[in-house]
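> Test case, fold it:
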Amino acid sequence: MPAKLTPFSYTVLVLVGENGAGAHDLVRMMRQGRIFWAAAESQYYAEPKRLAQEGYLDARREPGQTRDRTHYTLTARGRDAVADWLAEPSAFVRIQNEPAVRLLGADLARDEADVVAGLTGIRSAVAEQLDQFDRAREIAVGLPHRRRYIEINEQLNMRILEAFSEWLDAVERELA
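Residues are numbered from 1 along each chain as shown. Purely as a prediction, here's the structure:
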């Protein structure tokens, strides 16, 4: 029976991509693009191992900066699985939006000002994400086979961050 591939499995396979990657690379990519897929760092270490055991990835040891690391590459089975998945209709976006839940619970707060203070702190995270776009542009130059796709995704990221900033403005206006 074939292994069950989850949306996260496909995320890992796509991130491994043409050039291959180690789990530490996957964690770095996740940190740089966390608008697209958030998962515990431990999952980015565990899932490639599972996918290698199931034949979707090859694993080999390579020298790292401090010790040997496992480098993963796609197998033919992994490439076929990704190609099949890419041809399937995509599910609608799954969103885990803690700030929206916090706003929904504002009626339970001691004071709406507490909610505003708790939410507006997110502005620094938005600014951090914007700063990471510069790094993403640098990375895109080194990935000519993905550059166009990275740039289109960056446009989506910008719109998400702009919408979030506007939402925060509305929260401050309405609750102030």
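
> make it CA atoms for all contacts and neighbour counts henceforth
Noted.

> can you give me the helices in this protein?
In the chain, the helices defined using DSSP state H lie at 7-16, 23-32, 41-53, 76-87, 98-104, 112-120, 123-141, 147-175.

> Got the domain ranges for the chain?
Domain assignment for the chain by automatic domain parsing gives 7-87, 98-175.

> quick one: the residue nearest the centre of the chain and A59, what's the gap?
Central residue of the chain (Cα atoms, centre = their mean): W37, 3.0 Å from the mean position. As for W37, its distance to A59 is 23 Å (criterion: Cα to Cα, to the nearest Å).

> Which secondary structure element of the protein has the lowest mean pLDDT?
The helix or strand of the chain with the lowest confidence, counting by mean pLDDT, DSSP states H and E, is helix 123-141 at a mean of 79.

> Counting by contacts, list what that helix packs against.
helix 23-32, helix 147-175 (3 or more Cα pairs under 8 Å, 6 or more residues apart in numbering; DSSP states H and E).

> what angle do the last one and helix 112-120 make?
Here helix 147-175 runs at 170 degrees with respect to helix 112-120, directions being taken by axes from the mean of the first three to the mean of the last three Cα atoms, to 10 degrees.

> buried sites along helix 147-175?
Across helix 147-175, burial judged by 16 or more other Cα atoms under 10 Å covers 147, 150, 154, 157, 161, 164-165, 168, 171-172.

> same check, this time on stretch 5-24
Neighbour-count burial for stretch 5-24 [16+ other Cα under 10 Å]: 9-17, 20-23.

> Tell me the one of these nearest A106?
When the buried residues of stretch 5-24 are ranked by distance to A106 (Cα to Cα), T11 comes first, at 34.6 Å.

> now that closest one, nearest residue through space, not along the chain?
Counting by Cα to Cα, 6 or more residues apart in numbering, W37 is the residue found nearest to T11 once chain neighbours are left out, at 7.9 Å.

> Relative to V14, how far out is that neighbour?
12 Å.

> quick one: which of the helices of the chain is nearest D68?
Relative to D68, the nearest member of the helices of the chain by Cα to Cα is helix 23-32, separated by 11.8 Å.
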